[in-house]
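1. model this:
(one chain, ligands or ions: 1)
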Amino acid sequence: MSTSLVYRSSAGYELLMRTLYRRHYATRLRVVADQVRPGASVLELCPGPGALYQRHLRARAGAYTGADVNPAFLRRLQARGADVLAVDLSNAPELPAADVVIMQASLYHFLPDASAIVDRMLAAARERVIIAEPIRNLASSELPLLRVLGKRATDPGTGGEGHAHRFTAVTLDRLMEGYAGLTVSAFTIPGGREKVFVLDPRLS
Ligand SMILES: C[S@@+](CC[C@H](N)C(=O)[O-])C[C@H]1O[C@@H](n2cnc3c(N)ncnc32)[C@H](O)[C@@H]1O
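-> Predicted coordinates:
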């Protein structure tokens with residue numbers, strides 16, 4: 001089991017994300033941060049090297065923990081000043097409680113049963129669950145070469161199959177329809193690459 005090339009280097013990963021999102025890169029982080037109440041405690045699942053923390057949550061959150069399986073990303077996040085939790089979230093038991101629990105661009109790693117991690121996020125969150133997920137990406141490209149690259153590029157090294165599947169607008173909406181009663185807002189980011197869902201666990 002080996003971590004993919006893209007997930008081996010924090011700098012390489014961030015470069016790829018900037019290339020993919022181009023002028024919308026900063027916006028994808030800001031729209032998520034805007035949903036966090038200033039002073040709230042935050043648990044971010046799958047933060048990668050910590051761009052959301054560095055650009056926004058370090059200043060905005062009252063407390064912040066990033067939980068990821070990738071040691072290189074966790075080292076980078078820790079160097080940026082965050083508390084970190086090294087964990088394979090597909091096996092982890094209960095998540096630590098926080099006011100806000102966030103996951104950006106990572107729900108596809110938990111396919112085919114992504115509702116299990118959403119349910120655990122809801123159980124851990126006191127005020128908000130924020131899920132931002134790509135609905136257009138390399139792995140669902142019409143072009144076979146890009147599709148193969150997209151699938152191979154983001155194996156986190158956990159040995160699962162989830163990284164080989166991605167959401168589309170239709171499949172993500174289908175999953176999130178199950179949380180319609182808890183959803184306080186849902187919107188697509190500028191550029192249309194990601195869709196954001198904000199859930200309030202207190203509405204259950
Ligand atoms: C596409 S990156 C997203 C990083 C960041 N949230 C962003 O939007 O740029 C996916 C992240 O999920 C992490 N990840 C994947 N599977 C995981 C698992 N089973 N447990 C914990 N982290 C996982 C990877 O290590 C990586 O940091």
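
2. Just the buried positions in the host helix or strand of L20, please.
-> Assessed by DSSP states H and E, L20 sits inside helix 10-21. Going by neighbour count (16 or more other CB atoms under 10 Å), the buried part of helix 10-21 is 10, 13-14, 16-17, 20-21. C-beta here means a position set from N, CA and C on the backbone, and glycine is covered the same way.

3. residues from the chain in reach of the ligand?
-> 7, 17, 46-48, 51, 68-70, 73, 88-90, 104-106, 109, 154, 156, 158 (CB under 6 Å from any ligand atom).

4. From the residues you listed, which land in helices?
-> Using DSSP state H, the members of those that fall within helices are 7, 17, 51, 73.

5. export stretch 102-116 as CSV, just CAs?
-> The C-alpha coordinates for stretch 102-116 follow below in CSV (Å, rounded to 0.1, in the frame of the first residue of the first chain):
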residue,chain,number,x,y,z
ILE,A,102,-15.7,20.4,8.3
MET,A,103,-14.7,18.2,5.3
GLN,A,104,-13.6,19.7,2.0
ALA,A,105,-12.9,17.8,-1.2
SER,A,106,-12.6,14.5,0.6
LEU,A,107,-16.0,12.8,1.0
TYR,A,108,-15.3,10.7,-2.1
HIS,A,109,-12.6,8.9,-0.1
PHE,A,110,-15.5,7.3,2.0
LEU,A,111,-17.5,5.9,-0.9
PRO,A,112,-19.4,3.7,-1.4
ASP,A,113,-21.1,4.4,2.0
ALA,A,114,-20.3,8.1,2.5
SER,A,115,-23.4,8.6,4.8
ALA,A,116,-21.5,6.7,7.6
